[in-house]
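Visitor: here's a sequence, model it:
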Amino acid sequence: MVRVSVFGAGSWGTALAMVLADAGCQVTLWGRRQELVDAINET
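Guide: Below you'll find the model as predicted:
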């Protein structure tokens, strides 16, 4: 399994992370704002 980190949880970073995850990669998405990170983790 390929492990990938994406720095930036904005629209482009989140979209890229989703594409990579759909392709079978284990993705870690890094975000700067805690409230955004919490919202992504909850939904």
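
Visitor: Ala17 and Ser5, how far apart?
Guide: Separation of Ala17 from Ser5 (C-beta to C-beta, to the nearest Å): 9 Å. C-beta here means a position set from N, CA and C on the backbone, and glycine is covered the same way.

Visitor: hmm, I typed the wrong one, I wanted Thr43.
Guide: 21 Å.

Visitor: repeat that for Gly13.
Guide: 10 Å.

Visitor: which neighbours do the two share?
Guide: Leu29 (C-beta atoms under 8 Å, 6 or more residues apart in numbering).

Visitor: same drill for these two, tell me which one is more crowded.
Guide: Gly13 (15 against 11; other C-beta atoms under 10 Å).

Visitor: so the more buried one sits against Phe7, correct?
Guide: Yes: using C-beta atoms under 8 Å, Gly13 is in contact with Phe7, at 7.1 Å.

Visitor: pLDDT weak spots in the protein?
Guide: For the chain, no stretch is flagged by pLDDT under 70.

Visitor: at 90 instead, please
Guide: 41, 43 (pLDDT under 90).

Visitor: dump the residue contacts of the residue positioned nearest the centre of it.
Guide: In the chain, the centroid-proximal residue (C-alpha atoms, centre = their mean) is Leu29; its distance is 3.2 Å. Going by C-beta under 8 Å, 6+ apart, Leu29 touches 5-6, 9, 13-14, 17, 40.
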